[in-house]
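Engineer: Predicted coordinates and the sequence they were generated for:
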Amino acid sequence: MRLLTSFIYRAILSVALLNLTPPDVVAQCNCTGGVTPSQISYQQVGVLGQGAAQDSLYFDIPRFDPSLGTLMCVDVSAQVTGVVSFQLENYEDFFLRYRVRLDRFDEISGTGLNSPIVNALSKTYPNYWLDADDGVFRSGSDYLEVGPDTVLNKQLLNDRITNNIVDFLGMGTVSFAYTRGNSVMVQTASGDYYFVMASTNEVEFVLTYNYCPAALLAANKMTLNASKKDDLKAVLQWSATNDDEASSYVIETSRSNTNFAAIGSVEAKGIGSGRAASYKYEFAAPGNGVYNFRVKQIKKNGQFSYSAIKTVTFNALDAPVRIYPNPATDFFTVSVAEEGKYTVQVVNSTGQQILSNLFTSAGKQLKVTLQQSIRPGVYNIIIRNENGLPLTSTKLLIK
């Protein structure tokens, strides 16, 4: 069940979070020269109502806007307050001792986390001696109420993400889930009793983006531009005014939910005197999708810094496919980029498929003959490759 009740949402600039983070991980999050990054934080508060069974809350957080600078790391933090209460009644006709044990877990999972953040708790309550059943439900000396008992008081669950940060870039949202699970054991010499537990939780979830602002990146003296050259090629162009300090540049790319990987390198030109050294690198994408690029400048003293991240999207819908003549009467021609197998579909305005033909082209042109039964009107022409991937969809007027 997706529960979105009692959410409080706000953005907070430059918020210091409690992070139990090793020094080497902190270093990975700093900007050039060890400068502390700027922060943008988003906070949401969710409440899980009564019920002892496992349940979840979901938090949807806006992605980081790359135009603000370079995202260095992401802090995930949740403070959990858990309150339980229970009722216990002896149904036996003799005096009995009861002991209650609570085992519970609290878990945060979501984008960028290699494994969930988990807190486990076990609590054994003291012995409860209850008299014999008096025949009155939930009343008398055979009945007991315990709670509300605060078993968690702002318990912190947190982690820092330094590798899988690509999914946090761009438009839309990233999602995280809080899951609570309770397991209860009632120990007694007899099994005839009444027991019910209720649990209420409040979760304060905070996601913090640590980034190097564009103004700080300017001090890095390196700028990067990435553009699409054709269907599956990108051109990366960058310049550096501190080129004489550099020994080389490493070009890196990343797909969704993966780490950056080197795809090439260029030796530094060694241009000094404040003049900008310009570089160009072409990248052939292995397939469609979103590609994120950055350039790593390695300096002669062994230090390094990164450019801002730039994104290029390749889509098969951009493939050079032309349909002519338009309007058409008895036929139309499809011009494709390369020889191969193609499916041509003709769909009317109501979405009904009127014609679907599979062609194996000997050249780069496909001639589609229109049946006389096709009435004049505007139709949607869809061209698919041999894998069924749409290459283009365009309107065609048939007279």
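Structural biologist: In hand now; what should we look at?
Engineer: For whichever strand or helix holds Ser239, buried residues please.
Structural biologist: In this structure, Ser239 is located in strand 233-240 according to DSSP states H and E. Within strand 233-240, the residues that count as buried by 16 or more other Cβ atoms under 10 Å are 234, 236-240. For glycine as for every other residue, the C-beta is placed from the backbone atoms N, C-alpha and C.
Engineer: Neighbouring strands - and their directions - for that strand?
Structural biologist: strand 222-230 (antiparallel), strand 277-284 (antiparallel) (DSSP bridges).
Engineer: Can I get that strand as PDB, trimmed to CA atoms?
Structural biologist: Extracted as PDB, the C-alpha positions of strand 233-240 are listed here (Å, rounded to 0.1, in the frame of the first residue of the first chain):
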ATOM      1  CA  LYS A 233      27.500  10.200 -32.100                       C
ATOM      2  CA  ALA A 234      28.300  12.900 -29.700                       C
ATOM      3  CA  VAL A 235      30.900  15.700 -29.900                       C
ATOM      4  CA  LEU A 236      32.500  16.800 -26.600                       C
ATOM      5  CA  GLN A 237      34.400  20.100 -26.600                       C
ATOM      6  CA  TRP A 238      36.100  21.600 -23.600                       C
ATOM      7  CA  SER A 239      38.600  24.300 -22.900                       C
ATOM      8  CA  ALA A 240      40.900  25.000 -19.900                       C
END
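Engineer: Just give me the closest of the buried residues of strand 233-240 to Thr392.
Structural biologist: Ala234 (21.2 Å; Cβ to Cβ).
Engineer: List the contacts of that closest one.
Structural biologist: 226-228, 282-283, 285, 291, 293, 312, 314 (Cβ atoms under 8 Å, 6 or more residues apart in numbering).
Engineer: Of these, select the buried ones using a ChimeraX command.
Structural biologist: Entered in ChimeraX, the line below selects the buried ones among the contacts of Ala234, by 16+ other Cβ under 10 Å:
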select :226,228,283,285,291,293,312,314
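Engineer: Relative to Asp167, which of the contacts of Ala234 is nearest.
Structural biologist: Closest approach between the contacts of Ala234 and Asp167, by Cβ to Cβ: Tyr291, at 13.7 Å.
Engineer: Walk me through which strands the helix or strand containing Asn210 pairs with, and which way each runs.
Structural biologist: Secondary structure from DSSP H and E places Asn210 in strand 193-213. Its sheet considered, strand 193-213 pairs with strand 38-48 (antiparallel), strand 69-90 (antiparallel) by DSSP bridges.
Engineer: and the longest one, average pLDDT?
Structural biologist: Strand 69-90 shows a mean pLDDT of 91.
Engineer: Distance from the chain centre to that strand, please.
Structural biologist: In terms of Cα atoms, centre = their mean, to the nearest Å, the centre of strand 69-90 is found 20 Å from the chain centre.
Engineer: Please put the alpha-carbon coordinates of it into PDB.
Structural biologist: Output in PDB follows, covering the C-alpha atoms of strand 69-90 (Å, rounded to 0.1, in the frame of the first residue of the first chain):
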ATOM      1  CA  GLY A  69      26.800  23.000 -10.700                       C
ATOM      2  CA  THR A  70      28.400  19.500 -10.300                       C
ATOM      3  CA  LEU A  71      26.700  17.100  -7.900                       C
ATOM      4  CA  MET A  72      29.400  15.500  -5.800                       C
ATOM      5  CA  CYS A  73      27.400  13.200  -3.400                       C
ATOM      6  CA  VAL A  74      24.000  12.700  -1.900                       C
ATOM      7  CA  ASP A  75      23.100  12.300   1.800                       C
ATOM      8  CA  VAL A  76      20.100  10.200   2.800                       C
ATOM      9  CA  SER A  77      18.800  10.600   6.300                       C
ATOM     10  CA  ALA A  78      15.800   9.500   8.200                       C
ATOM     11  CA  GLN A  79      14.800  10.000  11.900                       C
ATOM     12  CA  VAL A  80      12.300   7.400  13.100                       C
ATOM     13  CA  THR A  81      10.100   7.700  16.100                       C
ATOM     14  CA  GLY A  82       8.200   4.500  16.900                       C
ATOM     15  CA  VAL A  83       5.500   4.100  19.600                       C
ATOM     16  CA  VAL A  84       3.800   0.800  20.400                       C
ATOM     17  CA  SER A  85       1.000  -0.300  22.700                       C
ATOM     18  CA  PHE A  86      -0.600  -3.600  23.300                       C
ATOM     19  CA  GLN A  87      -3.500  -5.400  25.200                       C
ATOM     20  CA  LEU A  88      -3.200  -8.800  26.800                       C
ATOM     21  CA  GLU A  89      -5.900 -10.900  28.400                       C
ATOM     22  CA  ASN A  90      -5.700 -14.300  30.000                       C
END
